[in-house]
Structure formats: structure tokens, C-alpha cells
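Engineer: okay, here's the prediction I keep looking at, along with the sequence it came from:
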Amino acid sequence: MVTLTLDQIGARYGRRTILEDASTPALKGGVLTALVGANAAGKSTLFRRIAGQMRGTGAVRLTGATKDDLRYMPQDTAMTAALTVYESIILALKQGAGGWRLSASELASVDSVLQRFGIAHLAERQLPELSGGQRQAVSIAQTLVTRPKVVLMDEPTSALDLYRQYEVLEALRSYAAETGAVMILALHDLNQVMRACETAIALSQGRILASGPALEVLTPALISQIYGIESRVERCSRGCPMMIVDGPAVPRSA
Ligand SMILES: Nc1ncnc2c1ncn2[C@@H]1O[C@H](COP(=O)(O)OP(=O)(O)OP(=O)(O)O)[C@@H](O)[C@H]1O
């Protein structure tokens with residue numbers, strides 16, 4: 001089984017400490033894990049540390065996978081290259097190695113991600129012509145085409161419409177279940193987290209306040225602490241947990 005454990009991760013930009021002693025129990029593969037926290041809490045910085053793009057204290061421990069099996073999809077992905085969607089996914093698959101000849105199984109992988117993320121109809125379109133939501137779906141497909149075992153995605157649904165958010169989260173869930181990959185998604189929509197993610201990590205000012213089953217982490221007390229928002233978690237008529245926002249925990253002065 002693939003697992004990822006954070007052991008006292010720290011990170012700084014210059015003299016500014018951004019992450020301190022960020023630790024988690026072993027995060028299991030096969031399910032989605034949400035990384036939640038307010039703007040500037042340090043979510044992207046934590047991803048950069050896990051992906052090895054930044055140095056710092058502490059250790060990232062993997063079992064059942066190596067750093068080579070990890071893919072990180074940052075928040076903003078530029079798509080200015082004069083490539084079609086199809087070519088860009090082949091490029092992500094090849095990553096400069098092994099020449100340009102594609103095996104039957106590689107061709108099948110490209111077709112599979114195009115189908116899975118609902119972008120097969122865009123295969124011949126040029127990247128710079130895509131809408132924001134289309135770019136985001138292509139970026140997800142590029143990230144998963146190599147079938148990585150450890151996946152970090154920074155706000156993968158932020159540009160998607162309601163239908164696509166649902167479709168993409170379901171596709172990510174099925175990818176995790178099928179491959180056993182550890183998948184950590186930074187998400188701001190806590191209802192998405194409750195619906196799609198089994199586990200959650202809550203980050204506040206560079207420290208992990210809680211990690212574990214999503215519904216146990218996302219308590220009204222924790223939401224108040226990290227976002228300053230009064231909320232309730234109630235079951236809808238179909239039995240799904242929903243977060244209802246009541247307003248600021250402490251009214252902001254005008
Ligand atoms: N390259 C950088 N140089 C200096 N400071 C940075 C850099 N990148 C981020 N920071 C600072 O680190 C802190 C954490 O930023 P980070 O992007 O990790 O937050 P985040 O939780 O991902 O936020 P958001 O939800 O707004 O995307 C912020 O105060 C930010 O200004």
C-alpha cells in the first residue's frame with residue numbers, strides 16, 4: 001500500500017517561517033485527502049516541500065512509492081505553448097525520455113485520461129485557445145497520464161463549473177481507488193471536501209491543527225478557528241453532510 005507521512009516539516013522564505021512542525025499520521029492511498037486552510041495558510045508551500053521544490057526541515061516519508069512516482073499540479077498552470085491538447089498530454093507522458101514513438105499502452109493511457117476528464121473533444125485544440133476551466137481539466141489529465149502513485153493538486157476544481165467539479169472529483173476518486181495512489185487536494189469548498197474526501201488535513205498559519213477522517217476534522221470549532229466563520233454541519237434530506245455558513249464568528253468592524 002502507498003502511504004505518505006509528514007514528519008515535522010518546516011519551510012521558510014528568506015527569514016520568514018511559513019511552515020512549522022507540520023506532521024501527519026501515515027496518509028493512505030486509494031482515497032482523496034483534502035488539504036484545507038485559509039488563504040496564505042501555507043498549503044502551496046507545503047506542496048512545494050513535499051514535491052521537493054523547496055528545502056526545509058523535517059522529512060516526507062513514502063512507503064510503496066518513491067519521489068519519482070510523485071506529480072504536483074500547481075495552482076496556476078501556464079498554457080502558452082503552441083501545442084494541441086493531445087500533444088501536450090503526450091509531452092507530459094514522455095517527459096523528455098524514451099523518444100517520441102508511442103507504445104499501444106501509452107496511446108491507451110492518453111485516450112484514457114482524455115475520456116476520464118471529459119476533454120476528448122478538445123484533443124485537436126491549441127492550448128492557448130482553451131478556456132480557464134478547459135485548461136484546468138487538461139492540466140489534471142497531464143498530471144495523471146503517467147499514472148503517478150503520489151499526487152498533489154492545488155485547487156484542481158477552482159475554475160470548473162458545478163457539473164465539471166462533480167465530474168472531476170468523481171474521476172479523481174475513481175483514479176485513487178483504482179491505482180491506490182495517495183492523492184492530496186488543496187480545496188476551499190468544504191462541502192466538496194465532505195462529499196468527496198475521506199480524510200482531511202487542516203492547516204492554519206503554517207501549522208497542522210488536525211488531520212484524520214474529514215468529518216472529524218471539519219468541526220464547527222475548527223472552522224471557526226481557521227476561517228473565523230460560524231457554521232453548522234447538518235445532514236441534507238438524502239443524508240449527506242452539508243456545511244451551512246451562519247456568518248463571521250466575530251463580526252468584522254466596518
Ligand atoms: N515565493 C515566495 N516568496 C516569499 N513568500 C512567499 C512565496 N510564496 C508564498 N509566500 C508566502 O507564504 C505564505 C503562504 O503562501 P502559500 O501560497 O503557501 O499559501 P496558500 O495556503 O496556498 O494560500 P492560497 O489559499 O491563497 O492559495 C504567504 O504569506 C505568502 O505570501
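Structural biologist: On my side now, so go ahead.

Engineer: all contacts plus neighbour counts: C-alpha atoms, from now on.
Structural biologist: OK.

Engineer: list the contacts of E106.
Structural biologist: L93 (C-alpha atoms under 8 Å, 6 or more residues apart in numbering).

Engineer: residue contacts, D161?
Structural biologist: G133 are the contacts of D161 under C-alpha under 8 Å, 6+ apart.

Engineer: measure it to the ligand for me?
Structural biologist: Distance of D161 to the ligand, computed by C-alpha to the nearest ligand atom, to the nearest Å: 19 Å.

Engineer: mean confidence for the longest helix anywhere in the chain?
Structural biologist: Looking across the chain with DSSP state H, the single longest helix is helix 162-179. For helix 162-179, mean pLDDT rounds to 96.

Engineer: show residues contacting that helix.
Structural biologist: Against helix 162-179 from outside (C-alpha under 8 Å, 6+ apart): 29-32, 116-117, 137, 147, 149, 157, 181-183, 196.

Engineer: for the helix or strand just after that helix, packing partners?
Structural biologist: Downstream of helix 162-179, the next assigned helix or strand under DSSP states H and E is strand 182-186. Applying 3 or more C-alpha pairs under 8 Å, 6 or more residues apart in numbering; DSSP states H and E, we find strand 182-186 packed against strand 32-36, strand 150-154.

Engineer: can you tell me which of those strands is most buried?
Structural biologist: For these, average neighbour numbers computed from mean count of other C-alpha atoms under 10 Å are highest in strand 32-36, which has a mean of 28.

Engineer: tell me if the helix or strand following that strand is near the ligand.
Structural biologist: Moving toward the C-terminus from strand 32-36, the next helix or strand (DSSP H and E) is helix 43-50. Yes: Helix 43-50 is in contact with the ligand by C-alpha under 6 Å from any ligand atom, via K43, S44, T45.

Engineer: okay, the residues you listed in TSV with neighbour count next?
Structural biologist: Converted to TSV, the residues of helix 43-50 next to the ligand look like this (neighbours: other C-alpha atoms under 10 Å):
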residue	neighbour count
K43	27
S44	19
T45	20
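
Engineer: in JSON lines, list those along with pLDDT.
Structural biologist: What follows is the residues of helix 43-50 next to the ligand, written out as JSON lines (pLDDT from 0 to 100):
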{"residue": "K43", "pLDDT": "97"}
{"residue": "S44", "pLDDT": "97"}
{"residue": "T45", "pLDDT": "97"}
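
Engineer: before we move on, back to that, buried set for the longest helix of the chain?
Structural biologist: 164-176, 179 (16 or more other C-alpha atoms under 10 Å).

Engineer: ok, stretch 230-239 next?
Structural biologist: E230, S231, R232, V233.

Engineer: do stretch 64-83 as well
Structural biologist: A65, L70, R71, Y72, M73, M79, L83.

Engineer: not counting sequence-adjacent ones, nearest residue to the last one?
Structural biologist: Translated: L83. By the measure of C-alpha to C-alpha, 6 or more residues apart in numbering, the closest residue to L83 outside its immediate chain neighbours is Q126, 5.5 Å from it.

Engineer: what sits against Q134?
Structural biologist: Counting by C-alpha under 8 Å, 6+ apart, Q134 touches I119.

Engineer: tell me which element it is part of?
Structural biologist: Going by DSSP H and E, Q134 is in helix 132-144.

Engineer: how far off centre is that helix?
Structural biologist: 12 Å (C-alpha atoms, centre = their mean, to the nearest Å).

Engineer: by how many degrees do it and helix 162-179 diverge?
Structural biologist: Our comparison of helix 132-144 with helix 162-179, counting by axes from the mean of the first three to the mean of the last three C-alpha atoms, to 10 degrees, yields an angle of 0 degrees.
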